[in-house]
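Participant: Any chance you can model this:
(one chain, ligands or ions: 1)
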Amino acid sequence: MTYSQNWNIDVVFPGIDSPELNAAFKTAADDNQKLAKTIASLTEQDENSKILAAADSLQTLEGKLGTIGFYLNAWRSVNYGKAEAGPKFDRLSKIDIDYTAQKQAWGKFLAALSDKRFQSLSADEKAQPIAFILNETRQQAAKLLDDNTEKLINEFQVDALHAWSAHYDTLSAGLSTSYTDAKGQKQTVSAGQALNLLDGIKDKDARADLMKHYESMWGKAENLSADTLNHLAGARLTDYKAHGINDYLEKPLELNRLSRASLTAMWNTVAKNEGMLVKFFARKAKLLGLDSDQISWQDQTAPVQVPGYEPRTLSYDDTANFIVKNFSKYSAKMGAFAKHAFENQWIESEDRPGKQPGGWDESIPALKEDRIFLTFTGSVNDAATIAHELGHAFHSRVLYDLPQWRQNYAMNVAETASTFAEAVINTANVEAAKTDAEKITLLDAKMANATAMFMNIRARFIFENNFYKARQEGVLMPAQLNKMMVDAQKEAFAGALSDDGVHPHFWTSKLHFYIDDVPFYNFPYTFGYLFSLGIFAWAQKQTDFESAYIALLRDTANMSSEELAKKHLGVDLTQPDFWQAGADLIKKDVDEFLRLTENI
Ligand SMILES: [Zn+2]
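Facilitator: This is a model prediction of the structure:
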């Protein structure tokens with residue numbers, strides 16, 4: 001073994017109960033109090049340097065909170081199910097709430113400045129790196145109501161928006177169902193287990209049986225779910241209205257620094273390109289041994305099996321070297337960075353009990369380093385996951401010398417570097433396949449992203465958009481929500497789904513509809529995926545890809561999505577061409593898949 005599969009997080013804090021972590025909490029809480037006083041004392045007449053010093057202090061504190069947050073999350077991920085982290089997270093969230101209040105006060109201070117005074121502040125040389133963010137903060141703060149009203153709204157939302165979201169967690173945690181597995185045995189599973197199983201059950205009948213019970217399990221919860229969804233959205237709409245926002249898409253677009261014209265252009269291009277995925281699913285249905293050329297909901301990501309082929313298992317070292325080698329083909333810096341991460345114990349990948357499922361990357365502001373968490377079992381999917389997380393880490397790496405706020409890129413561009421890195425490795429994997437059977441399996445796995453982004457996520461967006469439109473007029477009954485969801489699925493899947501293969505209660509089974517912090521937790525995924533595919537297509541044509549790519553990443557929290565694309569890629573997101581270039585890359589994979597599977 002060349003590379004360790006265990007990370008080094010003790011350099012951040014020596015333990016969950018360490019005096020060092022305790023001291024960090026105390027310092028952060030003290031900083032908050034000092035900041036509150038500083039911001040309250042700011043006036044229009046103050047020197048730029050004094051005002052900008054407050055911005056520095058805010059960012060320093062944000063970095064400190066980020067470092068604590070990183071450690072708690074990392075500790076919990078490798079001590080899954082242990083209770084010790086709970087009170088620490090609670091302590092952190094209280095400081096976070098205070099920090100948010102200081103940031104709101106800061107925004108209000110900026111909003112209260114005259115235009116002339118604000119312009120002279122943001123034109124200051126020292127303000128340059130955060131000038132875009134200052135302006136954005138000022139504009140958003142202009143919509144805030146007086147302090148007492150804001151406070152009252154936030155307090156009420158604890159028992160409204162946030163309460164409904166938490167209620168959904170309680171509701172879903174209590175659900176379970178049973179199904180008959182491939183061996184004919186009855187199995188009882190929780191809602192979460194059922195969802196994990198649905199992705200991977202190889203036997204089509206067992207998969208269909210689980211789906212039937214999964215759908216009816218959520219059906220039994222439809223009255224409670226409908227109350228939850230209606231009131232969660234109602235609380236959000238009332239909050240919008242209080243702030244003079246009459247368009248339910250305004251906030252989601254603002255959070256992603258995206259224009260409506262770009263969103264429309266993206267979805268129109270997606271809709272135009274669904275035919276190729278219908279063909280892909282028809283072939284997949286055949287390979288899965290289904291009775292028709294349409295799939296059912298549970299078949300979307302079911303792995304196809306090619307007779308006589310067993311996927312090979314990769315060693316960790318080989319995977320690491322493969323990633324370093326293929327990253328280096330695009331960028332020497334990306335390759336060297338990945339090597340550094342493998343060599344310096346930035347990655348926790350060991351397969352052992354007590355670890356949380358899933359994978360993530362997070363930066364540690366105090367060290368200007370990242371750490372990556374996952375469980376490596378030797379599959380090509382795991383290799384793609386490491387590449388994905390290393391992509392995130394590389395994104396952090398190129399931002400470390402910039403102010404903290406320049407590292408706060410939006411959700412839609414957050415997945416750019418990760419999806420790009422994943423595409424590099426997925427493509428290299430397909431190219432390195434030794435047999436057609438292996439290639440088919442890899443292409444099938446690679447297509448899971450494309451079909452999810454074009455069809456599954458689009459169905460969620462269509463549903464949510466129609467739901468919010470209707471919700472403005474009043475609450476919706478479960479039967480209406482079911483119909484709305486089935487219509488959305490039929491539109492988004494464009495005939496790839498059979499009539500009885502739809503999932504009417506997807507509006508209740510999908511957690512993303514019930515997230516309180518982020519509205520419309522769907523279109524940023526499709527944006528990020530297509531944006532990174534556009535970059536992948538663009539990368540093939542660049543002579544100096546590396547520096548152009550790094551320059552783009554460095555601007556991800558420094559302008560709107562449209563300006564980012566225009567400045568660095570020379571493309572217009574409000575027009576179909578850029579989006580189509582991404583769709584064309586998918587088409588190449590579909591064509592190859594269809595060609596290879598023609599005679600199976
Ligand atoms: Zn990611």
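
Participant: Burial check on residue 366, number of neighbours?
Facilitator: Look at residue 366: counted by other C-beta atoms under 10 Å, it has 17 neighbours. The C-beta positions use only the backbone N, C-alpha and C, and glycine is treated the same way.

Participant: Report the contact partners of it.
Facilitator: Taking C-beta atoms under 8 Å, 6 or more residues apart in numbering, we find residue 366 in contact with 12, 63, 64, 67.

Participant: can you check residue 428 too?
Facilitator: Counted by C-beta under 8 Å, 6+ apart, residue 428 has contacts 322, 326.

Participant: Which of the contacts of residue 366 fall within helices?
Facilitator: 63, 64, 67 (DSSP state H).

Participant: Relative to residue 290, how far out is the closest residue to residue 460 other than its chain neighbours?
Facilitator: Residue nearest to residue 460 in three dimensions, not counting chain neighbours: residue 522, with 4.3 Å by C-beta to C-beta, 6 or more residues apart in numbering. From residue 522 across to residue 290, the span is 27 Å (C-beta to C-beta, to the nearest Å).

Participant: Between those two, point out the one with more neighbours.
Facilitator: A direct count of neighbours by other C-beta under 10 Å for residue 522 and residue 290 places residue 522 higher, at 24 against 20.

Participant: isn't the more buried one right up against residue 465?
Facilitator: No - assessed by C-beta atoms under 8 Å, residue 522 is found out of contact with residue 465, at 9.5 Å.

Participant: Which parts of the helix or strand in which residue 340 is found count as buried, going by neighbours?
Facilitator: Remark: residue 340 resides in helix 332-343, with elements defined by DSSP states H and E. Neighbour counts using 16 or more other C-beta atoms under 10 Å place 333, 334, 335, 337, 338, 339, 341, 342 of helix 332-343 among the buried residues.

Participant: dump the residue contacts of the nearest residue to residue 493 once chain neighbours are set aside.
Facilitator: Nearest residue to residue 493, sequence neighbours excluded (C-beta to C-beta, 6+ apart): residue 455, at 5.0 Å. Residue 455 is in contact with 274, 277, 300, 492, 493, 494, 496, counting by C-beta under 8 Å, 6+ apart.

Participant: gap between residue 455 and residue 410?
Facilitator: Counting by C-beta to C-beta, the gap from residue 455 to residue 410 is 24 Å.

Participant: who touches stretch 302-313?
Facilitator: For stretch 302-313, the external contacting residues (C-beta under 8 Å, 6+ apart) are 199-202, 204, 207, 284, 287-288, 377-380, 435, 437-438, 440-441, 444-445, 600.

Participant: phi, psi of the nearest residue to residue 81 once chain neighbours are set aside?
Facilitator: Nearest residue to residue 81 in three dimensions, chain neighbours excluded: residue 354, at 7.6 Å (C-beta to C-beta, 6+ apart). Main-chain torsions, residue 354, degrees, to the nearest 10: phi 90, psi 10.

Participant: so what pLDDT did residue 354 get?
Facilitator: pLDDT, residue 354: 90.

Participant: How much space separates it from residue 76?
Facilitator: Separation of residue 354 from residue 76 (C-beta to C-beta) stands at 11 Å.

Participant: Comparing these two, which residue is more hemmed in?
Facilitator: Using other C-beta under 10 Å, the more surrounded residue of residue 354 and residue 76 is residue 76, with 18 against 10.

Participant: Output the contacting helices and strands for the helix or strand encompassing the more buried one.
Facilitator: Assigning secondary structure by DSSP H and E places residue 76 in helix 48-78. Secondary-structure packing of helix 48-78 (3 or more C-beta pairs under 8 Å, 6 or more residues apart in numbering; DSSP states H and E): helix 19-41, helix 85-112, helix 115-122, strand 347-348, strand 360-364, strand 369-373.
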